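[1] From the sequence below, what's the structure:
(3 chains)
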Amino acid sequence: MKNVALVAFSVTALACLASPARAQSGNHLEIVHHPNYDKSVFMPFSPAIKIKSGKILWLAGGTALPVYHDHPHKREQILKHLPNDLEAQTRQTMDGIMETLKAAGASPKDVVHVFIFRARPRMGDIGKASAVVNSYFAPHHHKPATTNMAVLELGEPEQLIEIQVVAVVD
Amino acid sequence: MKNVALVAFSVTALACLASPARAQSGNHLEIVHHPNYDKSVFMPFSPAIKIKSGKILWLAGGTALPVYHDHPHKREQILKHLPNDLEAQTRQTMDGIMETLKAAGASPKDVVHVFIFRARPRMGDIGKASAVVNSYFAPHHHKPATTNMAVLELGEPEQLIEIQVVAVVD
Amino acid sequence: MKNVALVAFSVTALACLASPARAQSGNHLEIVHHPNYDKSVFMPFSPAIKIKSGKILWLAGGTALPVYHDHPHKREQILKHLPNDLEAQTRQTMDGIMETLKAAGASPKDVVHVFIFRARPRMGDIGKASAVVNSYFAPHHHKPATTNMAVLELGEPEQLIEIQVVAVVD
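    Residues are numbered from 1 along each chain as shown, chains lettered A, B, ... in the order given. This next block holds a predicted model:
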C-alpha cells in the first residue's frame, strides 16, 4: 500500500517537474456560469472569468501589422500588411497576440478577456471575426470572456480590426 | 471565562455563516478621491478604484439579449429582446450582468469599472443610460469607475447598448 | 567593521524613509518583449506589461473637463473646457489623470494600460494624441501598453478625446 502511494506521488511530482508550463496553463482561471444554464445554447464565449491566482498580463491592442512596426506608421507597411480582408487581418492580428503571449510564458488557455474592435463593418462581419478569434482558443477548449463592437476608425483607414487581450501568467 | 470566549466565538462564527456575502461585499475596494475635492459637485462615478484584495472577475460585454443566447444570433431573438428603447435595453443588460455577478458570488458593491458602449446615439442618451446603470449601484451606495461612449455599431443593428464590467470577489 | 555595516544600513534605511514613492514606483511591472525583437523599430508603447505585484488601480475615463465636474454636464463648462483642439484636450485630460494617479499614490511609471478613445478624427490625429500622451511617460522612461481608436461620439459633441487608464500601486 505504502509503495503504491509513493509511486503515485512520484509520478505526479515528475509530471509537475517535466511540464511546468502545461501544469499551470489554464489553472489560474475559473469559468463562471449561471446555475442551471441552458447547455443547448451555443455560446462562443464565457459569461465571466474569475482570476484565481497568477499575475495579470495586459497586452496592447494588436493589429495585422507586425507587433514591432515603425512609428509613425509607414505607408508601404500599411499597404503591405493590411489587406482589405477582415479574416486575413484577424488571423495576422491573432498571430501577433499569440507571439506576445508566448513571449510572456502564457498560452491561449490563459486569456481572460478579449476586446474585438472592428472598423468599416459590413453585415455578418461580427461572426467572421469571432470565428477566426475563437479558432485560436478552440484547440485549448477555452472560451475567454469577449466584447465585440465596430468603432468609427482604427489606427489607419485600411485597418479593419484591433484586438486587445488580458491574460494571466505564473 | 472559557465559556464566554466560546460564546463569542460561536456568535462570530454564526454571523459569518449567516451572511458570507455581506461580510466580504465591498471590502475589497477602496474609492480614490483627490485631496480636498469639491463635494458640492455631483459625481455619478468614482475617479478611481483601488483593488485592495480579492480575486478579479472579468465579465463579457453584456447586452439586452439573455446572457445565454444562440450563436449565430437568431433574427427572431433579436427582434424579441432588442426594443428601440435605450432605457429598456439598458435595464435588460444590467439585469443580465446582475445575474452573472450573483453566479460568481459578487454583488453590485464589488464592481470596479463599467464600460458603457452605446450605438445610434441621440442627444441626451448618455444621461439616460447612465441613470439606469447607476440605479443598480445606488442602493449599495457604490459608484464604480465608468467610461461611456458611442461606437459605430454593436453586435446587431438593433442593439443600442453593450456594458462590460470588471468586479472583484472573494 | 560593525560600524561600517551599521552606517550602510542607516543610509539605506534613510533612503527608504526619504523616498517611499520612488522606492516602489515602477517595480511592480515587468515589460514584456518578444525574444530577439528588432530594437531599430521605434515603438511608442510596450507590447505587453505583466503586473508582478501591488494592487490594481482602475481609473474612470478621463476627459478635458476637470476630474470633478457637474452632472448632468453644464453647457458653459463644456464650452469653457473643451476647445476644438485635440492636443489641448489631450493635455487637460492627462493632467486630470496625473492628479488622480497622485491621489492614489501612483506615478506615471506605474501605468499598465492606456485606452485612447478619440472622436471626430482627422488624418494624423492618432499621432498627435499619442505624442501628447507619451510625453507624460517619457520622463519616466516608461511605455505603457496602449490601445488607440476613434469612436462615434464621446460624452459631448465638443469632446475630442477620452482616456482610460489602469495602473498599479502599493
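
[2] Quick check: residues of chain A near chain C?
    A:55-61, A:67-72, A:99-100, A:103-104, A:115, A:117, A:119, A:151-155, A:162, A:164, A:169 (C-beta under 8 Å from any C-beta of the partner chain). All C-beta atoms are positioned from the backbone trio N, CA, C, and that covers glycine.

[3] May I have the residues that are in contact with the closest residue to chain B within chain A?
    With C-beta to the nearest C-beta, the shortest gap between chain A and chain B falls at A:T147, namely 3.2 Å. Contacts for A:T147 (C-beta atoms under 8 Å, 6 or more residues apart in numbering or on different chains) come out as A:113-116, B:60-61, B:115, B:117, B:162, B:164.

[4] give me the beta-bridge partners of it?
    A:F115 (DSSP bridges).

[5] Could you list which of the residues of chain A next to chain C belong to helices?
    A:99-100, A:103 (DSSP state H).

[6] picking up where we left off before, between the contacts of A:T147, which is closest to A:G124?
    Distance ranking of the contacts of A:T147 against A:G124, using C-beta to C-beta, places A:I116 first at 14.4 Å.

[7] I'd like to know how many residues surround that closest one.
    Here the count is done by other C-beta atoms under 10 Å in any protein chain shown, and A:I116 has 22 residues near it.

[8] excluding its backbone neighbours, what's nearest it?
    Spatial nearest neighbour of A:I116, excluding adjacent residues (C-beta to C-beta, 6 or more residues apart in numbering or on different chains): A:N148 at 4.4 Å.

[9] Quick one: residues contacting that neighbour.
    A:N148 neighbours (C-beta under 8 Å, 6+ apart): A:115-116, A:118, A:126, A:129-130, B:61, B:155.

[10] export those residues to a markdown table and tack on pLDDT?
    Shown next, in a markdown table, are these (pLDDT from 0 to 100):
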| residue | pLDDT |
| --- | --- |
| A:F115 | 98 |
| A:I116 | 98 |
| A:R118 | 98 |
| A:I126 | 89 |
| A:A129 | 96 |
| A:S130 | 96 |
| B:G61 | 98 |
| B:G155 | 94 |
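
[11] Just the ones of the residues of chain A next to chain C in strands?
    A:55-59, A:115, A:117, A:162, A:164, A:169 (DSSP state E).

[12] Grab the two from those residues that are most spread out in space.
    A:K55 and A:F117 (25.3 Å).

[13] Of the two, which one has the most company?
    Each of A:K55 and A:F117 has its neighbours counted (other C-beta under 10 Å); A:F117 has more, 24 against 19.

[14] Per-residue pLDDT of the more buried one, please?
    As predicted, A:F117 sits at a pLDDT of 98.

[15] Test my guess that it contacts A:Q89.
    No - look at A:F117 against A:Q89 with C-beta atoms under 8 Å: they stay out of range, at 11.8 Å.

[16] circling back: could you dump the ones in helices among the residues of chain A next to chain C to JSON lines with pLDDT, neighbour count and distance to chain B?
    Compiled in JSON lines, these are given as follows (pLDDT from 0 to 100; neighbours: other C-beta atoms under 10 Å in any protein chain shown; distance: C-beta to the nearest C-beta, whole Å):
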{"residue": "A:E99", "pLDDT": "98", "neighbour count": "18", "distance to chain B": "23"}
{"residue": "A:T100", "pLDDT": "98", "neighbour count": "23", "distance to chain B": "19"}
{"residue": "A:A103", "pLDDT": "98", "neighbour count": "16", "distance to chain B": "22"}
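
[17] Would you reformat the residues you listed as a markdown table and include distance to A:Y37?
    Output for these, formatted as a markdown table (distance: C-beta to C-beta, whole Å):
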| residue | distance to A:Y37 |
| --- | --- |
| A:E99 | 35 |
| A:T100 | 33 |
| A:A103 | 36 |
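
[18] which ones are touching A:V111?
    With C-beta under 8 Å, 6+ apart, A:V111 has these contacts: A:101, A:137, A:142, A:144, A:165-167.

[19] Quick check: bridge partners of it?
    So, taking DSSP bridges as the rule, A:V111 has A:A167 as bridge partners.

[20] ok, now how distant is it from A:H142?
    7 Å (C-beta to C-beta, to the nearest Å).

[21] what about A:I78, how many neighbours?
    Neighbours of A:I78 (other C-beta under 10 Å): 18.

[22] ugh, wrong one, A:P83
    A:P83 has 14 nearby residues by other C-beta under 10 Å.

[23] Verify the stated contact: A:E30 with A:A48.
    No - applying C-beta under 8 Å, one finds A:E30 not in contact with A:A48, separated by 9.3 Å.
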